[in-house]
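K.L.:
build me a model:
(chains A and B)
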Amino acid sequence: MSEYIAPLKDMQFVLKELAGIEEVAQLPGYEEASVDVVDAVLEEAAKFANGVLSPLNWSGDQNGAKWSANDGKPAVTAAPGFKEAYKLFAESGWTALAAEAEWGGQGLPKVVSAAVNEMWKSANHAFSLCPMLSGGAAEAITLSASQAIKEKYLPKLTSGEWTGTMNLTEPQAGSDLAAIRSRAEPQADGTYKIFGQKIFITWGDHDAADNIIHLVLARTPDAPPGVKGISLFVVPKFLVNEDGSLGERNDAWCVSIEHKLGIHASPTAVMAFGDNGGAIGELVGEENRGLEYMFIMMNAARFAVGQEGVAVCERAYQRARDYAKDRIQGTELGVRGGPKVPIINQPDVRRLLMTMRAYAEATRALSYVVAAAHDAAAHHPDADVRKKNQAFVDLFVPVVKGWSTEIGILVASDGVQVHGGMGFIEETGAAQHLRDSRISAIYEGTTAIQANDLIGRKTAREGGVTLKAVIEEMRAFDAELAKASGEHFAAIRRRFAAGVEAVATAGQWIIDNYGPNIKAAHAGSVPFLMLLGTVAGGWQMARAALIAQAKIDAGDADPFYQDKIITARFYADHILSKADGLASSIVDGAVGVLALAEDRF
Amino acid sequence: MKILVPVKRVIDYNVKVRVKSDGSGVDLANVKMSMNPFDEVAIEEAVRLKEAGIATEVVAVSAGVGACQETLRTAMALGADRAILIETDVELQPLAVAKLLKAVVDKEQPQLVIPGKQAIDDDSNQTGQMLAALLGWPQACFASKVVVNADKTGAAVTREIDGGLETLDIKLPAVVTTDLRLNEPRYATLPNIMKAKKKPLETTTPAALGVDVTPRLKTLKVAEPPKRSGGIKVADVAALVDKLKNEAKVI
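P.N.:
Okay, here's the model as predicted:
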């Protein structure tokens, strides 16, 4: 089975030419991120992804994580090889990549960690979730917890000796967190006793690290109902003594793990807190502000999941490409009596492969550009620039999350299709990508939740200010594009210009209808998210094509640049061309969505 | 004890090698390049000797184009303390490299030089041997195990030979070339990748070292191996023997 090879060339191209890594390295605090250092980091991460994580992907899927009752002390064992791989991952310092130097991190920019995280996710989605969740827990602590809690937990979360989890969901509280029932009872010593059951806790228990730091949402006794009465607590698996050593086992147990469609090596835990007297927790920040704290880090978590879409596009493409070059079947069209040829010669296999490749490149480009904007929003010395970039990030995080992951499923499905009947057979590996990709459009907020956020908080509520600014930016770029000559650029420009106007029309319709016609606006929310993703992806592909042309004009003979222009052309004709259709499904489509009475279903 | 490790920048082992259309060589334009895998083993061995308290310094050296700096940074990320680049655009052949290395050895005075046994691009398997000859040092090639004596005056080197294993006792200083089974190279850690940029990298030239690197050999033609043609069925053993004798001319 073929192993994942990181697409370093495209990653470096996007980082340098589209995301502006050189400008990011000028930002205060990111001086270390010079191009040569970033290249070296990517090279070594690529080796690790290829040599350690990728070989465990299939076996992890087949064996999965295992739960055992363990004489009343239930425990999860990671899939074979995962414990050793995780130890090596942590010892190699990868958990500390983007973490703050104060806690032992390398403090590299988000745009660098975006590229590196894409590799972990491409090589082994199930594995990547463990450090991703630890990073999320560490970020929640960094942003909101007291100095004492930070000192207690952050160094070891950063070094990867301990891992972290996010405990939000309960059986009755999924997308609707207002329904959370877990309780937190204040104790005389300032701690709390936590009681309740949490479900869908990714890497909620395992044997790969010495301790697991759970971040748990729960209600204090006098908390107001609904979202304004939820607090956030740190609940370690093992209590931590004053000197930092591990103390007693806390009353936080994994009582079972789920049987899932995919990501089998990522244990999805049902966590029981306080069944034996109460799990000891420490309050993060102030009472009743838990959800607010979670939302601060939500952008980061949603962005990270969005990258799973990018990652699976790349992985599924690589596998399908290798198969299509190898599988000999039939003769070449138009060649009478010719020899049998690999299926990559069949036009529809090429169409599938180009679709996969174009989406991989477009989702990657958009996600790194958003990551670079995040870096500017966090570190730029000019407050106006920070604000502008933050608005851009806020608008596009739901798109990176929702669009990339929905596309990831389509591309993984195309990957199965390239394999034909063999793709339906598990041993080929194509099916695993499809199964694994399915969760990305669900957890950390389903696509509909992302789309609600996009049309509501990020667009309608501010009268579309950021969206309109982005549309203007795209129109200005279209004027640049108009100067390029040749049939490829003519095609790209035609589709791009139409795409931008489709976003403008549909965006205005959403803004106009959000107040008076809220259900109709929501009926078009996911199509609008897909439309904005499609056009923003086309924007980045067109930028890439222009830069590629400039390189060619300057005498660079690297075929990479020719390929980039063709891929952008493909994207324009085959993907951007769907923009008009998406726009009309938004503007005209609400009736068909909403008209049937409930009892007609 | 100082260890010198020569490292070569070669076409990445994952890349499918293509011959240039004019047959003048392998197409290296826009191809991913990496450290020769045998040299990774050599760096690993040197770093382990340092970690074991036997060596005090590991110096990586490379000869070739400016981009070899990346290979040297990789060596430093894996644990080499500093690096030397002998920069030249001339095509370097094993004898030229051996002469360059000798000049560096004369200057640096290492007790041990650990080259990879061969590079995966030209597979020459000559540089280490030539270097030992030029230096007049003992050589132990294709090492699968290296044990340096407690007093650091010699080493026991196990090497794989056709009949099994052979152990050589050699006096130091010496040249020991690595086989792939000597060790399994580590993955560079992120802090070491970051630190590698700050480690010293000295650049020199063949001229500064007083070495003439003009190629002595001329490449006439580089060609792809012939495509495997389909097999045939023979009627009986006599026909087989006949074909082996008269067509394949192997018996």
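K.L.:
what does chain B put close to chain A?
P.N.:
Contact residues (C-beta under 8 Å from any C-beta of the partner chain) of chain B with chain A: B:14, B:29-30, B:32, B:34, B:70, B:73-74, B:77, B:187-194, B:196-197. To be clear about C-beta, it is placed using only N, CA and C from the backbone, and glycine gets the same treatment.
K.L.:
so of these, which ones are in strands?
P.N.:
B:Ser34 (DSSP state E).
K.L.:
and the closest residue to A:Tyr30 other than its chain neighbours, how many neighbours does it have?
P.N.:
Using C-beta to C-beta, 6 or more residues apart in numbering or on different chains and skipping the chain neighbours, the partner closest in space to A:Tyr30 is A:Pro109 (4.9 Å). Other residues within reach of A:Pro109, judged by other C-beta atoms under 10 Å in any protein chain shown, total 27.
K.L.:
my guess is A:Pro109 meets A:Gln26, correct?
P.N.:
No - taking C-beta atoms under 8 Å as the definition, A:Pro109 is not a contact partner of A:Gln26, at 10.9 Å.
K.L.:
of the residues of chain B next to chain A, which belong to helices?
P.N.:
Judged by DSSP state H, helices contain the following of the residues of chain B next to chain A: B:Glu70, B:Arg73, B:Thr74, B:Ala77, B:Leu190, B:Pro191, B:Asn192, B:Ile193, B:Met194, B:Ala196.
K.L.:
quick check: the fifth one vs A:Val112, distance?
P.N.:
What it means is B:Leu190. 11 Å (C-beta to C-beta, to the nearest Å).
K.L.:
show me the contacts for the residue of the stretch 51-200 of chain B found nearest chain A.
P.N.:
Residue nearest to chain A within the stretch 51-200 of chain B: B:Leu190 (3.3 Å; C-beta to the nearest C-beta). Each residue near B:Leu190 by C-beta atoms under 8 Å, 6 or more residues apart in numbering or on different chains is listed here: A:Val41, A:Glu44, A:Ser92, A:Gly93, A:Trp94, A:Ala96, A:Leu97, A:Gln106.
K.L.:
ok, those vs chain B, which is closest?
P.N.:
So of the contacts of B:Leu190, ranked by how close each gets to chain B (C-beta to the nearest C-beta), first place is A:Gly93, at 3.3 Å.
K.L.:
quick check on the ones in helices among the residues of chain B next to chain A: which are buried?
P.N.:
Applying 16 or more other C-beta atoms under 10 Å in any protein chain shown to these, the neighbour count classes B:Glu70, B:Arg73, B:Thr74, B:Ala77, B:Leu190, B:Asn192, B:Ile193, B:Met194, B:Ala196 as buried.
K.L.:
tell me which two of the residues you listed sit farthest apart.
P.N.:
Farthest-apart pair in these is B:Glu70 and B:Leu190; separation 17.0 Å (C-beta to C-beta).
K.L.:
break down the stretch 251-400 of chain A into its strands, ranges please.
P.N.:
A:252-257, A:268-273, A:279-283, A:328-331, A:340-342 (DSSP state E, counting those that start in this stretch).
K.L.:
in helices only, show me the contacts of B:Leu190.
P.N.:
Filtering these for helices - DSSP H - leaves A:Val41, A:Glu44.
K.L.:
list buried residues within the contacts of B:Leu190.
P.N.:
A:Val41, A:Glu44, A:Ser92, A:Gly93, A:Trp94, A:Ala96, A:Leu97, A:Gln106.
K.L.:
so which of those also contact chain B?
P.N.:
Among these, the ones lying near chain B by C-beta under 8 Å from any C-beta are A:Val41, A:Glu44, A:Ser92, A:Gly93, A:Trp94, A:Ala96, A:Leu97, A:Gln106.
K.L.:
residue of the stretch 1-150 of chain B closest to chain A, please.
P.N.:
Closest point on the stretch 1-150 of chain B to chain A, by C-beta to the nearest C-beta, is B:Asn30, at 4.3 Å.
K.L.:
ok, and the closest non-adjacent residue to that residue?
P.N.:
Closest to B:Asn30 by C-beta to C-beta, 6+ apart is A:Asp558, at 4.3 Å.
K.L.:
how distant is stretch A:8-21 from the center of its chain?
P.N.:
Relative to its chain's centre, stretch A:8-21 lies at 18 Å (C-alpha atoms, centre = their mean, to the nearest Å).
K.L.:
kindly report the same for stretch B:159-178.
P.N.:
Per C-alpha atoms, centre = their mean, the centroid offset for stretch B:159-178 relative to its chain is 16 Å.
K.L.:
rounded to a whole number, what's the mean pLDDT of that stretch?
P.N.:
Across stretch B:159-178, the average pLDDT comes to 95.
K.L.:
how long is it end to end?
P.N.:
Start to finish, the residues bounding stretch B:159-178 are 9 Å apart (C-alpha to C-alpha, to the nearest Å).
K.L.:
what's the answer for stretch A:28-35, then?
P.N.:
Span of stretch A:28-35 from end to end, C-alpha to C-alpha: 16 Å.
K.L.:
got the contact list for it?
P.N.:
Contacts for stretch A:28-35 (C-beta under 8 Å, 6+ apart): A:16, A:21-22, A:24-25, A:106-109, A:112, A:375, A:379, A:381, B:194, B:197.
K.L.:
could you list the low-confidence segments of chain A?
P.N.:
A:1 (pLDDT under 70).
K.L.:
could you identify the longest strand within the chain?
P.N.:
All of this refers to chain A. strand A:192-202.
K.L.:
that was the other one, I meant chain B.
P.N.:
Chain B, longest strand under DSSP E: strand B:139-148.
K.L.:
report the distance from that one to the chain centre.
P.N.:
14 Å.
K.L.:
can you point out the buried residues in the next helix or strand after that strand?
P.N.:
Once strand B:139-148 ends, the next helix or strand along the chain (criterion: DSSP states H and E) is strand B:154-161. Neighbour counts using 16+ other C-beta under 10 Å place B:Gly154, B:Ala155, B:Val157, B:Thr158, B:Arg159, B:Glu160 of strand B:154-161 among the buried residues.
K.L.:
again with stretch A:208-221
P.N.:
Buried-residue list, stretch A:208-221, by 16+ other C-beta under 10 Å: A:Ala208, A:Ala209, A:Asn211, A:Ile212, A:Ile213, A:His214, A:Leu215, A:Val216, A:Leu217, A:Ala218, A:Arg219, A:Thr220.
K.L.:
which of those sits closest to A:Cys254?
P.N.:
A:Ile212 (9.4 Å).
K.L.:
and the host helix or strand of the closest one, what does it pack onto?
P.N.:
Element membership for A:Ile212 (DSSP H and E) is strand A:211-218. Packing partners of strand A:211-218 (3 or more C-beta pairs under 8 Å, 6 or more residues apart in numbering or on different chains; DSSP states H and E): helix A:125-144, helix A:147-159, strand A:162-167, strand A:192-202, strand A:231-236, strand A:268-273, helix A:290-326.
K.L.:
mind listing the strands for chain B?
P.N.:
B:2-6, B:9-11, B:33-35, B:57-64, B:82-87, B:112-113, B:139-148, B:154-161, B:164-171, B:174-178, B:201-204.
K.L.:
before we move on, the earlier item: number of nearby residues for the residue nearest to B:Asn30?
P.N.:
Around A:Asp558 there are 14 residues (other C-beta under 10 Å).
K.L.:
and it, what does it touch?
P.N.:
Here A:Asp558 is in contact with A:Lys551, B:Ala29, B:Asn30 (criterion: C-beta under 8 Å, 6+ apart).
K.L.:
buried stuff in stretch A:11-18?
P.N.:
Taking 16+ other C-beta under 10 Å as the criterion, stretch A:11-18 shows A:Met11, A:Gln12, A:Phe13, A:Val14, A:Leu15, A:Glu17, A:Leu18 as buried.
K.L.:
quick check: end-to-end length of it?
P.N.:
10 Å.
K.L.:
cool, stretch B:194-204 as well?
P.N.:
24 Å.
K.L.:
model confidence over it, on average?
P.N.:
pLDDT averaged over stretch B:194-204 gives 96.
K.L.:
what comes up buried for that stretch?
P.N.:
Across stretch B:194-204, burial judged by 16+ other C-beta under 10 Å covers B:Met194, B:Ala196, B:Lys199, B:Leu201, B:Thr204.
K.L.:
do stretch A:291-300 as well
P.N.:
Residues of stretch A:291-300 classed as buried: A:Leu291, A:Tyr293, A:Met294, A:Met297, A:Met298, A:Asn299, A:Ala300 (neighbour count, 16+ other C-beta under 10 Å).
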